[in-house]
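Novice: pasting the sequence and the predicted coordinates here, then a few questions.
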Amino acid sequence: MKIKLLDIAHARSGDKGDTGNVGVIARKQEYYPLLVKYLTAERVQKHFEGITLGKVERYEIPNLWAINFLLHESLGGGGTKSLKNDAQGKTLSSAMLRMELEIDESITLP
């Protein structure tokens, strides 16, 4: 079964030089295990293919029901160097929430 990430999470993003920083936060505590299981660094790397040229790092933050991703080499050199429209990565969170996750059919969302 496919679900939209937007239905179970919200997100914020910004920049650290040439690295996009995207935090994904579960809308409810019971959604956090879904994020941990299905929102992998590999899945995020594939979703941002062509935008993120470096590695993707994932950090779990269970007390906030969140996962933080670092998308290396995704901002064209950073705010002071980049010619990209979004050199600070503010739209990366919106792009992340457009992702669909393939989850087990047996899971029912509250």
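Specialist: Alright, I've got the coordinates.
Novice: which neighbouring elements make contact with the helix or strand bottoming out on mean pLDDT in the chain?
Specialist: Taking mean pLDDT, DSSP states H and E as the measure, the chain has strand 9-16 as its least confident helix or strand, at a mean of 86. On a contact count with 3 or more C-beta pairs under 8 Å, 6 or more residues apart in numbering; DSSP states H and E, strand 9-16 meets strand 19-26, helix 92-97. Heads up, the C-betas are built off the backbone N, CA and C, glycines and all.
Novice: quick check on Leu35: phi, psi?
Specialist: Main-chain torsions, Leu35, degrees, to the nearest 10: phi -60, psi -50.
Novice: is it true that it touches Phe69?
Specialist: No - counting by C-beta atoms under 8 Å, Leu35 does not reach Phe69; the two are 11.0 Å apart.
Novice: OK, contacts around Ser74?
Specialist: With contacts defined as C-beta atoms under 8 Å, 6 or more residues apart in numbering, the neighbours of Ser74 are Asp18, Thr19, Gly20, Phe48, Ile51, Thr52, Leu53, Gly54, Gly89, Leu92.
Novice: please redo it, this time with the cut-off set to 10 Å
Specialist: Residues counted as contacts of Ser74 (C-beta atoms under 10 Å, 6 or more residues apart in numbering) are 15, 18-22, 48, 50-54, 56, 84, 86, 89, 92.
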